[in-house]
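Engineer: next input, structure requested:
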Amino acid sequence: MKLRGRFTLTLALAALVPISVAAVVTREVIASSYRADYEGNRDSARATVQRELETLRLEVSEAVSSLADSRHPFVGVLLGEMAKDTLDLRVLKSLREQGGGQMRGLFLHTLTVTGPDDRVLITPHYRDATDDTNPGVRERAIQTGGAPYFTYDQIRVGPTVETVLVAQAAHVSRKDGYAVAISASRRVTDKVLAGVRRPGVDARIVDPKGTVILPPQGSWEPEGSAPVRVPLLGPRGEEVATVELTVSRGNLDQLLRNITLISAALALGALVLVVAIGLLVARRVARDLESLVEGSLAASRGDLDHRVPVRSKDEVGAVASAFNFMMEDLKTAKERLVIAERIAAWQEIARRLAHEIKNPLTPIQMAMDTLRKTWRKQHPQFAEILEESTTTVLQEADRLKHIVSEFSDFARMPKPELQRIDLNEVVRSVVSLYQGAAPVATHLFDRLPELDADRAQIHQVVLNLVENARDAISRRAGGRITVSTRLGEAGDRALLVVEDNGPGVPAELKDKVFAPYFTTKHAKGGTGLGLAIVHRIVSDHGGRILVTDARGGGARFTIELPLRTGTTLLASRI
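Structural biologist: Below you'll find the predicted structure:
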């Protein structure tokens with residue numbers, strides 16, 4: 001028997017006189033609650049859709065704004081070639097090939113660049129429009145001032161051309177008296193509606209004529225009042241499409257009838273049976289629900305091997321089975337994701353390593369070519385040229401050896417040998433190395449518990465961060481470095497903060513500083529592995545690292561480390 005049937009039968013056996021008196025009150029309270037829930041669901045659905053649309057508009061606006069910056073490598077080259085009057089077919093073809101990569105890199109679905117004469121220069125999403133005259137791009141950029149809007153655009157998909165609803169923004173980029181107009185967009189997809197769809201709530205998008213652009217998830221049968229409408233406005237403020245939301249009022253009338261019948265049936269029972277049977281059923285249901293709660297907490301901790309026991313074949317048992325299936329799917333997906341991320345990371349490292357190795361090969365080749373030519377000509381200064389060329393070759397060979405050695409050390413980094421360590425003591429040992437060499441101040445938490453970590457690797461983390469900070473303040477008068485520790489708000493983690501008042505990390509580089517072989521110190525011989533090693537050590541310890549701006553300028557690196565090995569940091573307090 002299903003759970004609803006068991007409860008109905010159980011409550012029907014118990015009849016209480018007070019239930020009969022309270023039935024009418026209960027009926028009205030429930031009806032009022034359902035009506036309030038309906039209004040709340042309706043307002044929540046509208047707010048969710050508006051938030052998703054605003055997020056889409058903001059993302060498109062930011063992407064197009066960054067692309068239209070005259071300092072952007074792509075647009076800067078185009079404007080530079082115009083200024084030099086060297087924008088020939090060869091250069092334009094190269095830029096058109098780059099346009100597709102720029103579009104995909106910014107997760108855009110359309111990209112159109114027009115020149116001063118409104119001729120379409122670049123349009124990777126619809127190459128048929130190349131060289132057409134399209135004054136609309138410039139006009140919309142001037143009309144909207146760069147503000148995002150919704151419109152329809154054409155995209156070639158294989159042999160067909162589709163007209164799709166998009167969120168678009170347009171800008172005019174100027175440099176040295178030349179200007180180009182840029183518009184780009186992302187398609188309005190089901191992602192906008194996914195956040196609002198749930199049992200009882202559905203959504204669709206229609207054009208002003210009522211034609212469905214994005215269909216609902218189920219059958220479209222609005223109950224009671226008209227659907228909630230959220231307009232999508234075009235560049236002139238006109239309505240180009242509408243999101244329609246339907247929120248179910250629930251089977252309120254049937255529910256109220258059931259309450260009346262059940263209340264009358266309960267009045268025929270006895271108090272003892274109600275209490276005895278109610279306690280029995282409640283205890284059993286509570287036991288199953290507690291198992292589901294424990295499973296949810298285990299999932300939040302990252303324990304994907306946890307399974308909930310299935311004790312019955314009713315709805316609760318079905319939920320438990322579904323939960324177990326979900327955990328199995330999450331575990332499989334996580335394993336696949338880890339493999340994919342590992343492959344992608346090593347591909348990026350290989351690409352960067354190839355780039356680093358390629359740089360020294362050019363001077364080596366040039367030196368050897370010079371030697372061969374001067375030898376053939378029996379140049380009178382051959383000895384001097386030989387000395388200079390061999391010196392160059394040896395220097396570049398040493399550079400290659402250094403690069404390979406750095407990569408080898410990074411690749412062979414051992415797993416941490418965990419032991420109980422005092423983080424404050426590690427910080428003091430590192431700071432002592434800079435006495436008289438750099439202005440390093442410390443603010444250490446007095447009662448910081450010991451944590452499970454590899455002392456040597458944590459020492460390397462602190463050393464690398466302090467060394468980076470010293471490089472950052474090397475050219476600044478009054479430079480300072482601060483290293484501090486404290487206990488996390490949850491009490492399950494230790495925080496290590498290293499900050500300086502140097503130039504800081506530009507916003508566009510914050511996502512790249514931990515990538516292997518990314519460095520801004522090529523002139524100083526930087527290999528770009530310092531922060532990559534720091535990130536790997538912190539990750540191997542189950543922690544997190546984040547770079548932000550320090551107060552008053554400079555960079556701030558914050559590290560979270562769990563106090564006990566195997567503890568998952570559920571929510572970041574950084």
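Engineer: please make it C-alpha for all contacts and neighbour counts, starting now.
Structural biologist: Will do.
Engineer: bridged to V120, which residues?
Structural biologist: Note on V120: beta-bridge partners T114, judged by DSSP bridges.
Engineer: an error on my part: the question was meant for L561.
Structural biologist: L561 forms beta bridges with A494, as assigned by DSSP bridges.
Engineer: contact partners for it?
Structural biologist: Going by C-alpha atoms under 8 Å, 6 or more residues apart in numbering, L561 touches 493-495, 538, 541-544.
Engineer: got these as JSON lines, with pLDDT and neighbour count columns?
Structural biologist: Below are these laid out as JSON lines (pLDDT from 0 to 100; neighbours: other C-alpha atoms under 10 Å):
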{"residue": "R493", "pLDDT": "88", "neighbour count": "25"}
{"residue": "A494", "pLDDT": "92", "neighbour count": "23"}
{"residue": "L495", "pLDDT": "92", "neighbour count": "23"}
{"residue": "V538", "pLDDT": "88", "neighbour count": "21"}
{"residue": "H541", "pLDDT": "87", "neighbour count": "26"}
{"residue": "G542", "pLDDT": "85", "neighbour count": "19"}
{"residue": "G543", "pLDDT": "87", "neighbour count": "22"}
{"residue": "R544", "pLDDT": "88", "neighbour count": "20"}
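Engineer: need these in JSON lines (columns: distance to E139).
Structural biologist: Shown next, in JSON lines, are the contacts of L561 (distance: C-alpha to C-alpha, whole Å):
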{"residue": "R493", "distance to E139": "55"}
{"residue": "A494", "distance to E139": "55"}
{"residue": "L495", "distance to E139": "52"}
{"residue": "V538", "distance to E139": "51"}
{"residue": "H541", "distance to E139": "55"}
{"residue": "G542", "distance to E139": "52"}
{"residue": "G543", "distance to E139": "50"}
{"residue": "R544", "distance to E139": "47"}
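Engineer: average pLDDT across the longest strand along the chain?
Structural biologist: If you go by DSSP state E, the chain has its longest strand at strand 160-175. Averaging pLDDT along strand 160-175 gives 91.
Engineer: equivalent analysis for stretch 313-324, please.
Structural biologist: 77.
Engineer: pull the contacting residues for the residue lying closest to V188 once chain neighbours are set aside.
Structural biologist: Counting by C-alpha to C-alpha, 6 or more residues apart in numbering, V166 is the residue found nearest to V188 once chain neighbours are left out, at 5.2 Å. Contact analysis of V166 by C-alpha under 8 Å, 6+ apart lists 150-153, 185-188.
Engineer: any idea how far V166 is from S32?
Structural biologist: Separation of V166 from S32 (C-alpha to C-alpha, to the nearest Å): 41 Å.
Engineer: quick revisit: for the residue nearest to V188, give the beta-bridge partners.
Structural biologist: Here V166, judged by DSSP bridges, has bridge partners T151, R187.
Engineer: which of the contacts of V166 tops the neighbour count?
Structural biologist: With neighbours taken as other C-alpha atoms under 10 Å, the top of those is S185, carrying 32 neighbours.
Engineer: what strand or helix carries that one?
Structural biologist: strand 178-187 (DSSP states H and E).
Engineer: related to what we said a few turns ago, closest to F323 out of the contacts of L561?
Structural biologist: Set against F323, the nearest of those by C-alpha to C-alpha is G542 (26.1 Å).
Engineer: surely the closest one touches I559?
Structural biologist: No - in this structure G542 lies outside contact range of I559 using C-alpha atoms under 8 Å: 10.8 Å.
Engineer: what about the closest residue to T133 other than its chain neighbours, distance to P208?
Structural biologist: Nearest residue to T133, sequence neighbours excluded (C-alpha to C-alpha, 6+ apart): R119, at 4.5 Å. Per C-alpha to C-alpha, R119 is found 31 Å from P208.
Engineer: can you pick out the residue with more neighbours from those two?
Structural biologist: More crowded of R119 and P208, by other C-alpha under 10 Å: R119, with 18 against 12.
Engineer: now do the same end-to-end measure for stretch 498-515.
Structural biologist: One end of stretch 498-515 sits 19 Å from the other (C-alpha to C-alpha).
Engineer: give me the contacts around it.
Structural biologist: For stretch 498-515, using C-alpha under 8 Å, 6+ apart, the contacting residues are 465-466, 469, 472-473, 476, 479-484, 518-519, 528-529, 531-532, 534-535, 547-550, 552-558.
Engineer: so T442 sits against V483, correct?
Structural biologist: Yes - counting by C-alpha under 8 Å, T442 does reach V483; the two are 4.8 Å apart.
Engineer: verify the contact between H125 and T110 for me.
Structural biologist: Yes - if you go by C-alpha under 8 Å, H125 and T110 touch, sitting 5.3 Å apart.
Engineer: dead centre of the protein: give me the residue that sits there.
Structural biologist: Centrality entry for the chain: nearest residue to the mean C-alpha point is D511, 10.6 Å, by C-alpha atoms, centre = their mean.
Engineer: contacting residues for V228?
Structural biologist: Contact analysis of V228 by C-alpha under 8 Å, 6+ apart lists 42, 46, 244-246.
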